[in-house]
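# Quick one, what's the 3D model for this:
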Amino acid sequence: MIQEKKILYKLPDGLPPQPTWEYRDVDWNAYDVPRMWDMVRHEDDALGWEQIQGFKQLSELIDSHVAALERQREQLWQAWPPESTPAAVTLLKALDQHISALKSDSLAAATSSHGLNGIMVSLSTAKREMQPLAEEWFNHTSHVARPGPWWSHVADRLNREARSIMGKSDADVNSYRSRLIVPQIVQSPVRDKRTTIKSGEGGPEAGTGFGPGTGGPNFRPARPIPPVPGFPPLQGSGPDLQGLPAGVPAVPGQPVSMLPIAPGNPYVPGGGAYILPGPGVGRGGYVVPMPTASTAATGYGTNAGGRLGPNGSSGMMPMPVGGAPAPGRGSGGQGGYRRQGETTWPVRQGVPPVIMPEAKLQQHGVEQDDTSAAFQEWYTELAMPWRLEGDDGPAPTVTIRRGVEDR
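Now for the predicted structure:
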């Protein structure tokens, strides 16, 4: 994907020399809408905007100190002119160097404030433009209920639009990154005599200090969101840098990307996922229903290992693209995907029977909430397992095993 460079004004003069940062370009073709959305949905952070103001206020504070030092230097020069003694020359020279260093620090802070502002604006714009695409991705099957290849076409369109947004944002961030300025490092004077602080004397023991980039004892680098299986996440070749996303191999028959099908769909009443075409899947998509307790007769459910799939195994059979059999017309006349009806209504005891539809509606609402929560948990584990990754490692991966009729 070609990324257009954002044209910025030349950096101001007076900045200290900057290190060269190595980087790799991301290939956004390796990511789908849910993955790209999760990259930007937390980026528009209030602390980031506060940091912009922090850099700006730091620059203004340093400028006020510089102005005070320049006034004091003028007074010193009048009271102790350099031609009067070599000591005055040395002192004024040291003061000039200090003022120059402070001006450089102020310029670095002001430039960093501008650069960080550009990055935050770019990321917040990407988040704002990406949100409607993510909403359409997660809700499209509720508007167009019948499964079919048109779902794949919609997913392709959303992916193209999202990749364009991320490519532009990536180029903007890369350009503004050059305006995050590292101030000049001032080395402390080296003393001839050094005192070793032993344990228990109030100082850190040898080897317990934090070196550059360690980030302290509780620092954990951000875990990158994995790409779609079967696609390399980076363009070309380059340095092997820490924190780069690693490729995920595609396993034949396993999903690479999918659309959610919320419970209540007339063709997939219990909810499920539409597996999109891709590496290891093939050119045609297919539907996988969510295993529920009511589908125990068909072999779906949660096995002893806690994985979602056929009872006693680790996989799930797919559902035909055309949807489940009509209610009451399944195999052997059984509606395998139909919810079990209830005909017993609660009544008051000791009085003439009174039907209470309010209580029934309340119970039905609770069941719907439970079904929605179960579906969200199942779909997250299946389609977005990176959201479940914690300190104990990645969550289990749900395995999809296609049925005999779809081979």
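
# which element is Tyr274 on?
strand 272-275 (DSSP states H and E).

# Show me where this structure has its strands.
With DSSP state E as the criterion, the chain has strands at 258-261, 272-275, 286-289, 300-302, 308-310.

# who's in contact with the first one?
Counting by Cβ atoms under 8 Å, 6 or more residues apart in numbering, the neighbours of strand 258-261 from elsewhere in the structure are 137-138, 140-141, 147, 151, 155, 268, 271-276, 287, 375, 379, 382-383. All C-beta spots, glycine's among them, are computed from the backbone N, C-alpha and C.

# try 7 Å
137-138, 140-141, 151, 155, 268, 271-276, 287, 379, 383 (Cβ atoms under 7 Å, 6 or more residues apart in numbering).

# on that earlier part again, partner strands of the strand holding Tyr274 and their direction?
strand 258-261 (antiparallel), strand 286-289 (antiparallel) (DSSP bridges).

# now the ones you listed in a markdown table, with mean pLDDT, distance to Ser112 and mean neighbour count?
Shown next, in a markdown table, are the strands paired with strand 272-275 (pLDDT from 0 to 100; distance: least, Cβ to Cβ, whole Å; neighbours: other Cβ atoms under 10 Å):
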| stretch | mean pLDDT | distance to Ser112 | mean neighbour count |
| --- | --- | --- | --- |
| strand 258-261 | 94 | 41 | 27 |
| strand 286-289 | 91 | 49 | 24 |
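
# Pipe those strands into JSON lines and attach distance to Glu161 per row.
Formatted as JSON lines, these follow (distance: least, Cβ to Cβ, whole Å):
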{"stretch": "strand 258-261", "distance to Glu161": "16"}
{"stretch": "strand 286-289", "distance to Glu161": "24"}
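
# I'd like to know which of these lies nearest to Ala108.
Comparison of these against Ala108 by Cβ to Cβ identifies strand 258-261 as nearest, at 47.0 Å.

# ok, how many other residues are close to the spatially closest residue to Leu234 that is not a sequence neighbour?
Leaving aside its sequence neighbours, Leu234 sits nearest to Arg24 (Cβ to Cβ, 6 or more residues apart in numbering; 4.8 Å). Residues lying near Arg24 (other Cβ atoms under 10 Å) number 16.

# now do Ala134
Ala134, neighbours per other Cβ under 10 Å, totals 19.

# thought it was touching Val33?
Yes: using Cβ atoms under 7 Å, Ala134 makes contact with Val33 at a distance of 5.8 Å.

# what about the protein, any weak spots by pLDDT?
For the chain, the stretches with pLDDT under 70 are 1-9, 188-222, 236, 238-244, 253, 293-369, 390-407.

# And it, what are its domain boundaries?
Taking automatic domain parsing as the reference, the chain has its domains at 28-179, 249-329+361-386+399-403.

# For this structure, which segments count as helices?
Taking DSSP state H as the criterion, the chain carries its helices at 33-40, 46-79, 86-143, 149-176, 357-383.

# List just the one of those helices that sits closest to Pro255.
helix 357-383 (7.4 Å).

# Can you give me the distance of the residue nearest to Leu234 to Pro233?
Distance, Arg24 to Pro233, using Cβ to Cβ, to the nearest Å: 9 Å.

# same thing with Ser64?
47 Å.

# More neighbours: those two, which one.
Pro233 (22 against 10).

# Tell me which residues touch the more buried one, please.
Here Pro233 is in contact with Val26, Asp27, Ala30, Pro227, Pro245, Gly247 (Cβ under 7 Å, 6+ apart).

# Could you single out the most deeply buried of the helices of the chain?
helix 33-40 (a mean of 22; mean count of other Cβ atoms under 10 Å).

# residues in contact with that helix?
Counting by Cβ under 7 Å, 6+ apart, residues outside helix 33-40 touching it are 123, 126-127, 130, 133-134, 137, 158-159, 162, 166, 225, 383-384.

# Likewise for stretch 103-115?
11-12, 14-16, 52, 55-56, 58-59, 62-63, 66, 176-177, 179-181, 183-184.

# cutoff 6 Å now
Applying Cβ atoms under 6 Å, 6 or more residues apart in numbering, the external contacts of stretch 103-115 come out as 14-16, 52, 55-56, 58-59, 62-63, 66, 176, 179-181, 183-184.

# if we can go back for a sec, how about the backbone phi and psi for the residue nearest to Leu234?
phi -130, psi 140 (degrees, to the nearest 10).

# how close does it sit to Leu123?
Counting by Cβ to Cβ, the gap from Arg24 to Leu123 is 19 Å.

# what does Leu276 give?
27 Å.

# repeat for Ser142
Remark: distance between Ser142 and Leu123 (Cβ to Cβ) = 29 Å.
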